[in-house]
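A.B. asks: no sequence for this one, just the structure:
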């Protein structure tokens with residue numbers, strides 16, 4: 001659409017969902033998902049068809065969310081002149097290099113429902129002309145038909161899909177080896193990080209449904225090594241500290257420099273909210289800030305410092321007050337921190353909102369991470385309880401030293417908005 005007028009510039013229906021279009025004419029039609037995911041857009045220096053010389057083009061890559069299994073790429077350099085020739089490629093379950101078919105002709109593949117928003121980035125691999133190769137990076141999604149049920153990351157070379165994905169070197173598939181038939185795994189959003197500032201992606205962070213925070217080293221120019229066992233490891237296994245229950249990770253991590261030592265701080269939240277049962281799941285979820293010291297070493301739960309949320313009342317004036325949450329300011333270990341959403345009620349006798357989870361995308365603004373939680377229905381007939389907005393220092397998991405919320409609603413962010421109760425703020 002034209003951003004100024006709202007006029008449609010062009011429309012595109014992926015072949016991946018074409019077979020479902022006929023149901024629109026069914027008098028008994030009930031809603032189905034189609035192209036139900038946010039695309040990514042970036043400029044890439046590529047040849048769009050393998051014939052023309054490489055040039056800078058604006059590329060859009062998107063998935064289908066709950067609408068299907070796969071991704072598509074469009075050249076939107078000139079949206080006003082968009083034609084069918086600007087449809088670069090699609091990648092579906094049958095394009096997985098390990099895909100097979102069963103006796104009924106159904107595709108068995110690690111490519112599941114494509115919930116993740118892809119990353120478009122320049123890789124460390126180079127083509128025959130010594131140009132850096134551009135990739136689209138995404139997880140395998142959920143509900144794959146794979147017999148192994150593993151969590152997988154795909155890295156597709158954007159300029160290779162124009163003639164399909166059957167050639168060696170068209171893509172790199174990174175199999176974590178974590179999953180199983182009885183407990184299928186999957187990855188949606190990934191975070192790509194450039195460690196040395198040269199513009200290429202060197203490290204990938206991604207969480208899976210079983211609570212594993214994966215790290216993949218893709219800093220080598222040799223793309224065939226990216227899936228080597230020595231280049232991938234689990235940084236942290238998220239489990240609720242009181243019950244040892246696995247905590248699914250379904251959103252993209254935030255990654256910042258570690259100001260207290262070497263490496264990076266990886267901030268991620270747990271919880272899932274895409275299946276019917278998730279709406280009434282009372283299991284406790286958390287937010288973590290784990291240090292990756294770049295030694296490819298796993299961090300254990302007992303190495304992290306807990307920051308605790310508590311409920312307090314902020315008095316606006318003599319007649320008005322609001323309920324707020326405050327955080328402890330505990331000294332953090334050199335491995336990181338965590339916050340459990342097991343906040344007790346005012347009596348201190350039970351968890352106020354079991355199942356609260358931060359499943360919205362984490363946002364980094366300056367030196368503050370913002371997280372919005374949702375409170376699912378404890379009983380299916382209950383009304384929604386909303387959620388909370390949190391502002392955290394990614395280095396420590398505390399509230400930081402800057403006032404973020406205008407609690408007294410005076411239009412100013414100052415000391416009058418601070419709430420200090422003993423060791424919490």
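C.D. replies: That came through, no problem. Note that the coordinates shown come from a computational prediction; the quantities given were computed from them, not determined experimentally.
A.B. asks: switch to C-alpha atoms for all contacts and neighbour counts from now on
C.D. replies: Noted.
A.B. asks: For the residue lying closest to residue 65 once chain neighbours are set aside, list the residues it contacts.
C.D. replies: In this structure, residue 65 finds its nearest non-sequential neighbour in residue 115, 4.0 Å apart by CA to CA, 6 or more residues apart in numbering. Residues near residue 115 by CA atoms under 8 Å, 6 or more residues apart in numbering: 37, 63, 64, 65, 66, 141, 142, 188, 189.
A.B. asks: so residue 257 bridges to which residues?
C.D. replies: Listed beta-bridge partners, residue 257: residue 264 (assigned using DSSP bridges).
A.B. asks: Rebuild the contacts of residue 115 as a markdown table, extending it with pLDDT.
C.D. replies: Rendered in a markdown table, the data for the contacts of residue 115 read as follows (pLDDT from 0 to 100):
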| residue | pLDDT |
| --- | --- |
| 37 | 92 |
| 63 | 97 |
| 64 | 97 |
| 65 | 95 |
| 66 | 93 |
| 141 | 97 |
| 142 | 96 |
| 188 | 94 |
| 189 | 96 |
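A.B. asks: could those go into a markdown table alongside neighbour count and distance to residue 10?
C.D. replies: Written out in a markdown table, the entries for those read as follows (neighbours: other CA atoms under 10 Å; distance: CA to CA, whole Å):
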| residue | neighbour count | distance to residue 10 |
| --- | --- | --- |
| 37 | 19 | 18 |
| 63 | 31 | 18 |
| 64 | 25 | 18 |
| 65 | 24 | 21 |
| 66 | 20 | 23 |
| 141 | 29 | 28 |
| 142 | 25 | 30 |
| 188 | 28 | 28 |
| 189 | 26 | 27 |
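A.B. asks: so where do the strands sit in the stretch 51-200 of the chain?
C.D. replies: Secondary structure of the stretch 51-200 of the chain, counting by DSSP state E, counting those that start in this stretch: strands at 55-63, 71-75, 87-91, 100-101, 107-108, 119-126, 132-139, 150-157, 171-179, 187-193.
A.B. asks: what angle separates the last one from strand 150-157?
C.D. replies: Pointing back at strand 187-193 there. The directions of strand 187-193 and strand 150-157 differ by 50 degrees, with axes from the mean of the first three to the mean of the last three CA atoms, to 10 degrees as the criterion.
A.B. asks: so after strand 187-193, what's the next helix or strand?
C.D. replies: Going down the chain from strand 187-193, the next helix or strand is strand 203-208, by DSSP states H and E.
A.B. asks: Parallel or antiparallel, list what pairs with that following strand.
C.D. replies: According to DSSP bridges, strand 203-208 forms sheet pairs with strand 187-193 (antiparallel), strand 212-217 (antiparallel).
A.B. asks: Tell me which of these sits nearest to residue 402.
C.D. replies: Nearest to residue 402 among the strands paired with strand 203-208 is strand 187-193; the distance by CA to CA comes to 27.0 Å.
A.B. asks: what sits up against the closest one?
C.D. replies: 114-119, 121, 137-142, 151-153, 201-209, 250-255.
A.B. asks: 6 Å instead?
C.D. replies: 115-117, 139-141, 151, 201-206, 208, 251-252 (CA atoms under 6 Å, 6 or more residues apart in numbering).
A.B. asks: Identify the farthest-apart pair in those.
C.D. replies: Put simply, by CA to CA the two of those set farthest apart are 115 and 202, 23.4 Å from each other.
A.B. asks: Tell me which of the strands paired with strand 203-208 approaches residue 172 most closely.
C.D. replies: With CA to CA as the criterion, residue 172 lies closest to strand 212-217 of the strands paired with strand 203-208, at 12.2 Å.
A.B. asks: Between strand 171-179 and that closest one, find me the angle.
C.D. replies: Here the directions of strand 212-217 and strand 171-179 differ by 150 degrees (the same axes, to 10 degrees).
A.B. asks: Please name the strands paired to the helix or strand following strand 212-217 in the sheet, noting orientation.
C.D. replies: Following strand 212-217 in sequence order, the next helix or strand is strand 232-237 (DSSP H and E). Strand 232-237 pairs in its sheet with strand 212-217 (antiparallel), by DSSP bridges.
A.B. asks: distance between the strand it pairs with and the chain's centre?
C.D. replies: The offset between the C-alpha centroid of strand 212-217 and the centroid of the whole chain comes to 13 Å, using CA atoms, centre = their mean, to the nearest Å.
A.B. asks: which residues sit against that strand?
C.D. replies: Surrounding strand 212-217, the residues in contact under the criterion CA under 6 Å, 6+ apart are 203, 204, 205, 206, 207, 231, 232, 233, 234, 235, 236, 237.
A.B. asks: Tell me the bridge partners for the closest residue in space to the fifth one that isn't next to it in sequence.
C.D. replies: When you say that, I think you mean residue 207. For residue 207, the nearest residue in space outside its immediate sequence neighbours is residue 213; the separation is 4.3 Å by CA to CA, 6+ apart. Here residue 213 shows beta-bridge partners residue 207, residue 236, assigned using DSSP bridges.
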